[in-house]
Structure formats: C-alpha cells, structure tokens
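Enquirer: Output the structure for:
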Amino acid sequence: MSTNIIPNTFVAKTTFGSFQVKITDRDYITIGSQYHCVQISYNHKTNIANLDWLNTGQGGCEITGKTIRKHDTVAMADLGFTILRQLYPFVDPIIHLRDSSKFNCRLPDDTKVSVSSMIYHLLLYGETYYQARFHARLLHTESEPAYHAFVEARKDPNYFDKKYDFRNNDLNTAFKPLVKDSTNWDDFFRQFEE
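Expert: Numbering: from 1, shown residues only. Just a heads-up that it's a prediction; the model follows:
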C-alpha cells in the first residue's frame, strides 16, 4: 500500500456524481456505491496498472442512485486513473485494459445469453468501446494489421454468408430477413441501429 495520506475508503464528490472509493492492501482501487463499477489493480514490481473492469449496467455506481452512462462512465473511470496516479506517481502511463465486460441478451424463449461487450462494439461500430471512449490503442503493434483486417472484413461481401445459421430457431426467424437485406456484416449490424 502506498504511504500517501489517503484513507482506505472515502467519498469522491465530482461534477458527475459522488462515489465511494476503496483502496485495498492488495493495491486495488474500486469505485462504486452498491457495486464496484470500476476496478483498477496495480503491480508494484512492474509499475503496471490494469483496468480490470468497468461496468455500469447493473446501476448502483453512484451514491445517490444517479444512473451513470456515456460521458459519466468515462469520467468515473478517469477518476480511478487520477487516484491511481496520485497514489503511485511512477505508474506506467499505459493502463492495460483487461476488461471482460459482458451483458446479457434475453432470447425469445427467456434464455439469457452473455455477449462480450468488446465483440459487440467491434462488430457494430468497427472499434471497441475503449477505442471510441478512451482513444485506446493496441499495446502490441505487431497485431495491428491482423486486427484492422478483421475490422475491415465486416465490410467485405466475400466474408458475408447469406445462408448463415444462427443456431437458434428464434434467432434465425428474427435475423434471416436482416441477412437477406444485407450485402456484408456491416450492413447487417447497422440495421440494429435503425
């Protein structure tokens, strides 16, 4: 734990809300109220910090119950990064995003299926949430050509299968008309925005 004079638990009052902040002996910073909506971990040996998760979907992030979305979500994570840099000034400026956020989709038969937020944003918008909101970049630049090829393949009709099987009768019923009206996967996913 850092020797800075910051209590282990305190309330951070900001222009976008009030949040309970906890700093553990194992160098985790959590931000939230009912739930830990942000968790950042720090490794003293490597000076590397990780954003372990960022999740506002269940609510309970802000003390008064205010819903945290969009810009406020980014600001809440930035609050965590600011506290991290105050506690550990020698931290590597690159925060590693190890986020494994997901959300549940309810199928017509009431079955819940977990969907990766990263894959969802990548397919729907052509970039991850962190690229869009935090201007994140790939840490391993040698992966960039393959990554960009994957993103661009969404727009290539050669990678689009008009006979794609969603492996669920309800999903096939719902999505086959959208597939029929699409020329590539980007067209298909854009229909969800309409």
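
Enquirer: ranges for the helices of the protein?
Expert: 71-87, 117-125, 129-134, 144-153, 169-180, 185-190 (DSSP state H).

Enquirer: will you turn those into a markdown table that also has mean neighbour count, mean pLDDT and distance to residue 98?
Expert: The way it works is simple: take the backbone N, C-alpha and C, and place the C-beta from them, glycine included. Below are those laid out as a markdown table (neighbours: other CB atoms under 10 Å; pLDDT from 0 to 100; distance: least, CB to CB, whole Å):
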| stretch | mean neighbour count | mean pLDDT | distance to residue 98 |
| --- | --- | --- | --- |
| helix 71-87 | 17 | 94 | 13 |
| helix 117-125 | 17 | 84 | 11 |
| helix 129-134 | 17 | 87 | 11 |
| helix 144-153 | 12 | 90 | 17 |
| helix 169-180 | 13 | 90 | 30 |
| helix 185-190 | 18 | 90 | 25 |
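
Enquirer: quick one: the residue nearest to residue 33 when sequence neighbours are not counted from residue 78, how far?
Expert: Nearest residue to residue 33, sequence neighbours excluded (CB to CB, 6 or more residues apart in numbering): residue 63, at 4.7 Å. As defined by CB to CB, to the nearest Å, residue 63 lies at a distance of 18 Å from residue 78.

Enquirer: that older thread, kindly reformat the helices of the chain as JSON lines containing distance to residue 41.
Expert: Compiled in JSON lines, the helices of the chain are given as follows (distance: least, CB to CB, whole Å):
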{"stretch": "helix 71-87", "distance to residue 41": "10"}
{"stretch": "helix 117-125", "distance to residue 41": "19"}
{"stretch": "helix 129-134", "distance to residue 41": "17"}
{"stretch": "helix 144-153", "distance to residue 41": "25"}
{"stretch": "helix 169-180", "distance to residue 41": "37"}
{"stretch": "helix 185-190", "distance to residue 41": "33"}
